[in-house]
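> sequence and predicted structure are below.
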Amino acid sequence: MQMIKVENVVTAFGNRIIHDGLNFTIKEGEIYGLLGPSGCGKTTLLREMVMLQKLTSGKIEILGKNVADIRREDAQNLRRQWGVLFQFGALFSSLTLAENIALPLGEYTRLSKKMIDEIVAFKLSIVGLKQSDAFLYPSEISGGMRKKAGLARALAMDPKLLFLDEPTSGLDPISAREFDALILKLRAMLGLTVVMVTHDLRSIYDTLDRVAIIDNKQIAYEGTLDDIASVKSEFIQTFFREKL
């Protein structure tokens, strides 16, 4: 099943064109990577997918809905079906981890406090945090724990889709590999489809099923990493040099 379809997407800021006709599809259950050099618009594209930014033209279809032309009610329903982990966690500093994770549940559901507390406890456990961590504030925890807490919040509504922006950025090598293993475990456990922006080469090879590589404003390559050596692209040949 096709979860996301990107068709002829153009993104421009004034006269500056970032994307000039992007096309790719993401299938159900895969971990899909958005790759490319700095400034190519990977995070911008992710923001367009989750309706935080408008595309200039083209179409992004998610779960059968065109996010570029969508009614308010449909947009709210879509938001309930995905979770987003931003690069630095984006936790609210004035809230405890438990309160951060509970936020979407309080916003979008009518569940009792007891039920929300049980869901929060479960989400903490599946991302590898302890129940005692629930009462800590973002300023009191490590970068790795912030990523896990942000991931727990992204999973609070049992989404079908998970968007990750540079999930291993800023982590030490051991924490980064643990986070990769966690994403693979959660995909298997929860049946997630994952869209990931990353430049972590080890993470790319350990987790991704397919990739779309943005270069020179277009998709330079889409597919598995098995065939990437044959692509005539300076960025690809340089970035993947040690693996080719």
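Now that the structure is in, tell me what you want to look at.
> could you double-check that residue 5 sits in contact with residue 22?
No: proximity of residue 5 to residue 22 does not meet the contact threshold set by CB atoms under 8 Å, at 11.1 Å. For every residue, glycine as well, the C-beta is placed using N, CA and C.
> which of these two has more neighbours?
residue 22 (25 against 15; other CB atoms under 10 Å).
> specify the beta-bridge partners of that one.
Each beta-bridge partner of residue 22 is listed here: residue 9, as defined by DSSP bridges.
> got the contact list for it?
Residues touching residue 22, when contacts are defined by CB atoms under 8 Å, 6 or more residues apart in numbering, comprise 6, 8-9, 45, 58, 212, 214, 218-219.
> list buried residues within those.
The neighbour-count test (16 or more other CB atoms under 10 Å) marks 6, 9, 45, 58, 212, 214, 219 as buried among these.
> would you turn these into JSON lines with distance to residue 118, pLDDT and secondary structure?
Converted to JSON lines, the buried ones among the contacts of residue 22 look like this (distance: CB to CB, whole Å; pLDDT from 0 to 100; DSSP: H, G, I helix; E, B strand; the rest coil):
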{"residue": "6", "distance to residue 118": "37", "pLDDT": "96", "secondary structure": "strand"}
{"residue": "9", "distance to residue 118": "40", "pLDDT": "96", "secondary structure": "strand"}
{"residue": "45", "distance to residue 118": "36", "pLDDT": "95", "secondary structure": "helix"}
{"residue": "58", "distance to residue 118": "42", "pLDDT": "95", "secondary structure": "strand"}
{"residue": "212", "distance to residue 118": "38", "pLDDT": "95", "secondary structure": "strand"}
{"residue": "214", "distance to residue 118": "41", "pLDDT": "93", "secondary structure": "strand"}
{"residue": "219", "distance to residue 118": "43", "pLDDT": "94", "secondary structure": "strand"}
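> which of those residues sits closest to residue 154?
Sorting these by how near they are to residue 154, with CB to CB, puts residue 45 at the top with 18.1 Å.
> chain neighbours aside, what residue packs nearest to that closest one?
Distances taken as CB to CB, 6 or more residues apart in numbering place residue 34 nearest to residue 45, at 6.2 Å, with adjacent residues excluded.
> other SSEs contacting the helix or strand where that neighbour lies?
Element membership for residue 34 (DSSP states H and E) is strand 31-35. Counting contacts by 3 or more CB pairs under 8 Å, 6 or more residues apart in numbering; DSSP states H and E, strand 31-35 packs against helix 42-49, helix 173-190, strand 193-197, helix 201-207, strand 210-215.
> all strands for the chain, in order.
Remark: strands of the chain, listed N- to C-terminal, are 2-13, 16-27, 31-35, 57-62, 65-66, 82-85, 161-165, 193-197, 210-215, 218-223; assignment by DSSP state E.
> need these in JSON lines with distance to residue 100, can you?
What follows is the strands of the chain, written out as JSON lines (distance: least, CB to CB, whole Å):
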{"stretch": "strand 2-13", "distance to residue 100": "26"}
{"stretch": "strand 16-27", "distance to residue 100": "27"}
{"stretch": "strand 31-35", "distance to residue 100": "25"}
{"stretch": "strand 57-62", "distance to residue 100": "25"}
{"stretch": "strand 65-66", "distance to residue 100": "27"}
{"stretch": "strand 82-85", "distance to residue 100": "12"}
{"stretch": "strand 161-165", "distance to residue 100": "17"}
{"stretch": "strand 193-197", "distance to residue 100": "21"}
{"stretch": "strand 210-215", "distance to residue 100": "31"}
{"stretch": "strand 218-223", "distance to residue 100": "35"}
